[in-house]
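Trainee: just to be clear, the model below is a prediction. Sequence and coordinates:
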Amino acid sequence: MKEGPDIAQIGSLIGDPARANMLTALMGGRALTATELAAAAGVTLQTASAHLAKLEAGGLLAQRKQGRHRYFTLADDRVGKLLEGIMGFAASRGHLRHRPGPKEPALRKARICYDHLAGDYGVRMLDSLIEAGSISVVGEGLSLTAHGEKQLGSIGIDVSGLRSNRRPLCRSCLDWSERRAHLAGSLGKALLSNFFEKGWARRTENSRSIFFTPEGERRFLTLFPLELGDGNPQLELDEKL
């Protein structure tokens, strides 16, 4: 390609196995050190530093210094969306890495996707909001309804504050494990933060999986009752993803 966006450059950055493992580790939304990312990639610290420099130069990572340490994060939520989309596409084509063990079911049930809820529970949440008329499918996107603003306000979500944010309020994100959409955008982030603040759920150490307490799970399932297979409120949206 002689003109236009250089997708080959982005593809080569993400396509290296070590760099792909580093980017996947950062999908948890936490800032990680070069040492932690080297361990995630299975390479030496020196090799990891070279990879991180390339990812930062390519606009995929950002870093900040705190004392003697340097911490790395995804550059912004667009990188997270890109990676989740690639994961979904890879899964749909059967390109899966099999790592047997107890963590996989937990990741499929509920995990963090950059800063919002993904997995079975993430899809369930969006399905329930659409079915309840709280979110409507508009063209290829999502829109929060007046009913939805009232419903989410009842659990402490300040929608008016979110609207003042430059980030999109509602955005669909293709879920790699369920191969359907879950809720992203500032509303998706606010809902997950709300679950953490209420003590309904917590991050799992050294994993992207999210653990719901028994009481938190009860409240979550009450608020978002629609299970996968109870119908397909996402049908119009799925056809466009």
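Mentor: Great, that's in hand.

Trainee: can you show me the strands along this structure?
Mentor: Secondary structure of the chain (DSSP state E): strands at 32-33, 61-66, 69-74, 111-113, 116-118, 135-138, 141-144, 171-174, 181-184, 201-203, 210-212.

Trainee: residue 3: which of those is closest?
Mentor: Nearest to residue 3 among these is strand 61-66 (26.8 Å), distances taken as Cβ to Cβ. Backbone N, C-alpha and C define where each C-beta goes, glycine included.

Trainee: each with direction, which strands does the closest one pair with?
Mentor: Sheet pairing for strand 61-66, assigned by DSSP bridges, gives strand 69-74 (antiparallel).

Trainee: can you give me the buried ones in the helix ranked longest in the chain?
Mentor: For the chain, the helix that runs over the most residues, judged by DSSP state H, is helix 77-92. By 16 or more other Cβ atoms under 10 Å, the buried positions in helix 77-92 come out as 77, 79-81, 83-84, 86-88, 91.

Trainee: what's the neighbour count on residue 225?
Mentor: Close neighbours of residue 225, defined as other Cβ atoms under 10 Å, add up to 13.

Trainee: so which residues of the chain form helices?
Mentor: Applying DSSP H to the chain gives helices spanning 7-15, 17-26, 34-41, 45-57, 77-92, 103-109, 120-131, 146-153, 159-163, 185-197, 214-223, 235-238.

Trainee: what's the domain layout of the chain?
Mentor: Taking automatic domain parsing as the domain assignment, the ranges for the chain are 7-75, 100-240.

Trainee: by mean pLDDT, show me the worst of those domains.
Mentor: The minimum mean pLDDT among the domains of the chain belongs to domain 100-240 (a mean of 86).

Trainee: who are the contact partners of residue 33?
Mentor: Going by Cβ atoms under 8 Å, 6 or more residues apart in numbering, residue 33 touches 69-72.

Trainee: 7 Å instead?
Mentor: 69-71 (Cβ atoms under 7 Å, 6 or more residues apart in numbering).

Trainee: got those as TSV, with neighbour count and distance to residue 57 columns?
Mentor: TSV is the format used below for these (neighbours: other Cβ atoms under 10 Å; distance: Cβ to Cβ, whole Å):
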residue	neighbour count	distance to residue 57
69	11	21
70	15	15
71	16	17
